[in-house]
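Sequence plus predicted model, see below.
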Amino acid sequence: MVDRRTVLSGLGAGAVSLATSWPRSMSWASSGSAKGQLRFAFFTDVHARTEWETPVALAKAAKSINTQKPDLVIAGGDLITDGFTSLPEEVTPRWDTYMKNLHNAIEGDVHPTIGNHDLVAANPADGSKPSSDPRAEFRKRMKLDRTFYTFDAMGYRIFILDSIYVIRGKLQYQGLIGPEQMNWLREELSKTPNDMPIVLVSHIPLLTAFYAATRGALEGGKPNRVMVNNRGVLDQFRDHNLLLVLQGHLHAQEVIRWRNTTFITGGALCAKWWRGSWYGTEEGFNVITLRENHVDWKYVDYGWEAKRP
Ligand SMILES: [Fe+2]
């Protein structure tokens, strides 16, 4: 990565070398952990496709994830690219590549979250009729009955949300938890002990500093970039032990702690849509350990060099 940057840098060399020297691991106190230790990998924004040797990159990422020996793996969405605007036959090679080179190449269970790119034919670019069930292929490939669900691991309850709310018009979708899913969330939380530590996963972020940092302090992000009813969703967890929120969509890596909850935006396996680093975030994934009132986090750069022109 240094070589490519050195070649490209010139005048910006100083800034570039600073960017590459960011620490990619941290550990912090966070009360309310479970008795057991849970170590998991969280990868997001794969944008699987067949061009630019990306199948090789996915195999490389799978190998790197396996080296970390996580107890389980969580996928944050955008597993394939451009499903939303493509026809079912167009996305088959992308899904096949994702399944073969990454999902099925990972040892152990991968628990997937749906991203906007994973919907198929929600609004085809060629003007043909939108699918009546754009989540069908995701459910079929992931062997899920529903795109929002919970599971337990080592005393932690993991909530996986479907944050994609399809609308007509220019934005095509919003980050939103609709009434049906909100009712389900209330119901699930009523069955969850108040002190049970919770990990919440959503493709579209509930909390981010990305737009304030990159566009200015008065910018919060468009409705298709952030979750518009984030406060309504987070309010549901008011009397619960929400330890960690994992988010994708922005391809940048950030960590925010608000009260006792840490929000991690997980970078992207494809970084800048397979064009290299994005705001200093390399192609990579997160490894997180929850233990004894602590969170350990690191971002693993699996060593891919962008081949996209
Ligand atoms: Fe993405």
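Alright, I've got the coordinates.

beta partners for the closest residue to residue 142 other than its chain neighbours?
Excluding the flanking residues, the one nearest residue 142 by CB to CB, 6 or more residues apart in numbering is residue 112, at 4.8 Å. (Each C-beta comes from the backbone N, C-alpha and C, glycine too.) Going by DSSP bridges, residue 112 is paired in beta bridges with residue 75.

How much space separates residue 112 from the ion?
Distance, residue 112 to the ion, using CB to the ion, to the nearest Å: 14 Å.

What of residue 83?
Counting by CB to the ion - residue 83 and the ion are separated by 11 Å.

In terms of secondary structure, what does the helix or strand where residue 62 lies contact?
Using DSSP states H and E, residue 62 maps to helix 54-67. In terms of contacts (3 or more CB pairs under 8 Å, 6 or more residues apart in numbering; DSSP states H and E), helix 54-67 is packed against strand 38-43, helix 88-98, strand 284-291.

thinking again about what came up before, count the neighbours of the residue nearest to residue 142 for me.
Neighbours of residue 112 under the rule other CB atoms under 10 Å: 23.

For it, give its distance to residue 220.
Applying CB to CB, to the nearest Å, the value for residue 112 to residue 220 is 28 Å.

Please work out which residues outside stretch 88-104 touch it.
Contact partners of stretch 88-104, identified using CB atoms under 8 Å, 6 or more residues apart in numbering, comprise 46, 48-50, 54-56, 58-59, 61-62, 75, 79-83, 110, 112, 120-121, 131, 137, 141, 269.

And what about the nearest residue in space to residue 212 that is not next to it in sequence, helix, strand or coil?
Sequence neighbours aside, residue 219 is the residue nearest to residue 212 in space, at 6.2 Å (criterion: CB to CB, 6+ apart). Secondary structure, DSSP: H, G, I helix; E, B strand; the rest coil: residue 219 is coil.

hang on, the earlier thing: which of the contacts of stretch 88-104 are buried?
46, 48-49, 54-55, 58, 61-62, 75, 79-83, 110, 112, 120-121, 131, 137, 141, 269 (16 or more other CB atoms under 10 Å).

who does the helix or strand that contains residue 200 touch, helix- and strand-wise?
Using DSSP H and E, residue 200 sits in strand 197-202. With contacts taken as 3+ CB pairs under 8 Å, 6+ apart, strand 197-202 sits against strand 156-160, strand 241-247.

can you list these in JSON lines and add mean neighbour count, distance to the ion and mean pLDDT?
JSON lines is the format used below for the helices and strands packed on strand 197-202 (neighbours: other CB atoms under 10 Å; distance: least, CB to the ion, whole Å; pLDDT from 0 to 100):
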{"stretch": "strand 156-160", "mean neighbour count": "22", "distance to the ion": "17", "mean pLDDT": "98"}
{"stretch": "strand 241-247", "mean neighbour count": "24", "distance to the ion": "11", "mean pLDDT": "97"}
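
looking at these, which is closest to residue 169?
Closest to residue 169 of those, according to CB to CB: strand 241-247, at 24.2 Å.

What strands line up against that closest one, and which way round?
strand 197-202 (parallel), strand 261-266 (parallel).

Sketch out the low-pLDDT regions of the stretch 151-300 of the chain for me.
Nowhere does the stretch 151-300 of the chain drop to pLDDT under 70.

same thing with the stretch 1-150 of the chain?
For the stretch 1-150 of the chain, the ranges with pLDDT under 70 are 1-21.

now with 90?
1-23, 30-36 (pLDDT under 90).

For it, which residues are neighbours of the ion?
Contact residues, the stretch 1-150 of the chain versus the ion (CB under 5 Å from the ion): 45, 78.

all strands for the stretch 1-150 of the chain, in order.
25-29, 38-43, 72-75, 110-112, 149-153 (DSSP state E, counting those that start in this stretch).

Give me the distance between the two termini of stretch 217-228.
Using CA to CA, to the nearest Å, one end of stretch 217-228 lies 18 Å from the other.

mind checking how far that stretch is from the chain centre?
17 Å (CA atoms, centre = their mean, to the nearest Å).
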